[in-house]
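Trainee: got a predicted model here, sequence first, then my questions.
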Amino acid sequence: EVQLQAFGGGSVQAGGSLRLSCSGSGFDFDDYAIGWFRQVPGKDREGVACISSENPTIVWYGDSVKERFAASRDNAENTMYLQMNSLKPEDTAVYYCNIRPPLPSYWGQGTLVTVSS
């Protein structure tokens, strides 16, 4: 069974930092680009970051998180990370991870990040 579970969310004040982790199992983790996504209730899920499978130094970031978020992956541990700095209230969302392009059956529960002003 394929599982991609995000964890590490929490509540933080604006300007603070959090580090999310994404653990994958049931598939060849290092064969896939892995992405972070987030969703606010009532809005579409949006891409936050994506790391290449072939070259982990190749990372795409959404415009709203550039210069603040940093994604990395450890294929030996089947884990991807998202270091989030200078958090803003508008970063409040449920964060998910999935392969890229995402498959509907691979969505996990996500982890809630709440940033207060």
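Mentor: Looks like it arrived, so ask away. Numbers count the residues shown, from 1 in each chain.

Trainee: from Gly8, how far out is Ala76?
Mentor: For Ala76, the distance to Gly8 (C-beta to C-beta, to the nearest Å) stands at 19 Å. Every residue, glycine included, has its C-beta placed from N, CA and C.

Trainee: if you count surrounding residues, which of the two has more?
Mentor: Relative neighbour count places Gly8 above the other of Ala76 and Gly8, with 15 against 8, counting by other C-beta atoms under 10 Å.

Trainee: contact partners for the more buried one?
Mentor: 18-21, 111 (C-beta atoms under 8 Å, 6 or more residues apart in numbering).

Trainee: switch to 10 Å and redo it
Mentor: For Gly8, the contacting residues are 18-22, 81-82, 84, 95, 111, 113, by C-beta atoms under 10 Å, 6 or more residues apart in numbering.

Trainee: list only those of those residues flagged as buried.
Mentor: Buried residues within the contacts of Gly8, defined by neighbour count using 16 or more other C-beta atoms under 10 Å: 18, 20-22, 81-82, 84, 95, 111, 113.

Trainee: just the closest of the residues you listed to Tyr61, please.
Mentor: Leu82 (10.2 Å; C-beta to C-beta).

Trainee: give me the contact list for the host helix or strand of that closest one.
Mentor: Using DSSP states H and E, Leu82 sits in strand 79-84. Identification of contacts with strand 79-84 by C-beta under 10 Å, 6+ apart yields 4, 6, 8-9, 12, 16-24, 29, 34-36, 38, 48-51, 56, 65, 68-74, 91, 95, 97, 111, 113, 115.

Trainee: and the helix or strand just after that strand, what does it pack against?
Mentor: Moving toward the C-terminus from strand 79-84, the first helix or strand encountered (DSSP H and E) is strand 93-99. The contact analysis (3 or more C-beta pairs under 10 Å, 6 or more residues apart in numbering; DSSP states H and E) places strand 93-99 against strand 3-7, strand 18-25, strand 34-39, strand 46-51, strand 79-84, strand 111-116.
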